[in-house]
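Student: Just the structure for this:
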Amino acid sequence: MELRLLKTDITALEVDAIVNAANSSLLGGGGVDGAIHRKGGSAILKECRAIISRIGQCAPGSAVITTAGELPARYVIHTVGPVWNGGASDESRILARCYTSSLQLCIDNGIRTVAFPNISTGIYGYPKQQAATTALQAIREFNASGMIDEVLLACFDNENHEIYRKLM
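Tutor: Have a look, this model is predicted:
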């Protein structure tokens, strides 16, 4: 599994799936979540509503999959990251589960290329350096057994891109 770093808008990537740093309602919000819903169109929201009607809220660390609507990707994997509470609320384990849950959905759905944003580092307040370290560890430790070809880390801003560049 190749791991690559890009400074880009995740909504423009032509990959099998992009990951959405969603909130537990799956109904869109700010940041990458809002951009994905705006650019992907109503089909994404329709599927998210159907999922929520079946399962209730999407728990932190879990992931669900929908169409990508009008985006160039085929699918959107929605995962809910932890809100940063100083590190005493198991945030690192929950954040790692966001990555592993999303990667497992890739395997389950035949997804060979996937792009991740910086999960929980925006409004959820997770420290960027710690989030990047956790993300890389979770991705590298996940056993994709040759089932995923490429994982892209799509950083929208310079700060996150530089953090990942140094860690990689």
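Student: Show me what the residue lying closest to N158 once chain neighbours are set aside is bridged to.
Tutor: Leaving aside its sequence neighbours, N158 sits nearest to K7 (C-beta to C-beta, 6 or more residues apart in numbering; 7.1 Å). All C-beta atoms are positioned from the backbone trio N, CA, C, and that covers glycine. Counting by DSSP bridges, K7 forms beta bridges with C155.
Student: Next: A17.
Tutor: Bridge pairing for A17 - DSSP bridges - gives Y75, V114.
Student: Could you pull up the residues touching it?
Tutor: For A17, the contact set (C-beta atoms under 8 Å, 6 or more residues apart in numbering) comprises 65, 68, 73-77, 105-106, 109, 111, 113-115.
Student: Check the gap between it and N158 for me.
Tutor: 25 Å (C-beta to C-beta, to the nearest Å).
Student: how about CSV for the contacts of A17, with pLDDT and distance to W84 added?
Tutor: Formatted as CSV, these follow (pLDDT from 0 to 100; distance: C-beta to C-beta, whole Å):
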residue, pLDDT, distance to W84
I65, 98, 26
A68, 98, 28
A73, 98, 28
R74, 98, 32
Y75, 98, 28
V76, 98, 24
I77, 98, 22
L105, 98, 24
C106, 98, 26
N109, 98, 30
I111, 98, 29
T113, 98, 29
V114, 98, 24
A115, 98, 23
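Student: so which of those is the most crowded?
Tutor: Ranked by the number of neighbours (other C-beta atoms under 10 Å), the contacts of A17 place I77 first, at 28 neighbours.
Student: Isn't that residue up against Q104?
Tutor: No: using C-beta atoms under 8 Å, I77 is not in contact with Q104; the gap is 9.8 Å.
Student: Tell me the residues that contact both of the two, please.
Tutor: Residues touching both I77 and Q104 (C-beta under 8 Å, 6+ apart) are A63.
Student: circling back: measure the residue nearest to N158 to L45 for me?
Tutor: 28 Å.
Student: would you list every one of the helices in the chain?
Tutor: 31-40, 42-55, 91-108, 128-141, 158-167 (DSSP state H).
Student: Nearest to D149, out of those helices?
Tutor: helix 91-108 (10.0 Å; C-beta to C-beta).
Student: Quick one: distance of the closest one to the chain centre.
Tutor: On the basis of C-alpha atoms, centre = their mean, to the nearest Å, helix 91-108 sits 9 Å off its chain's mean C-alpha point.
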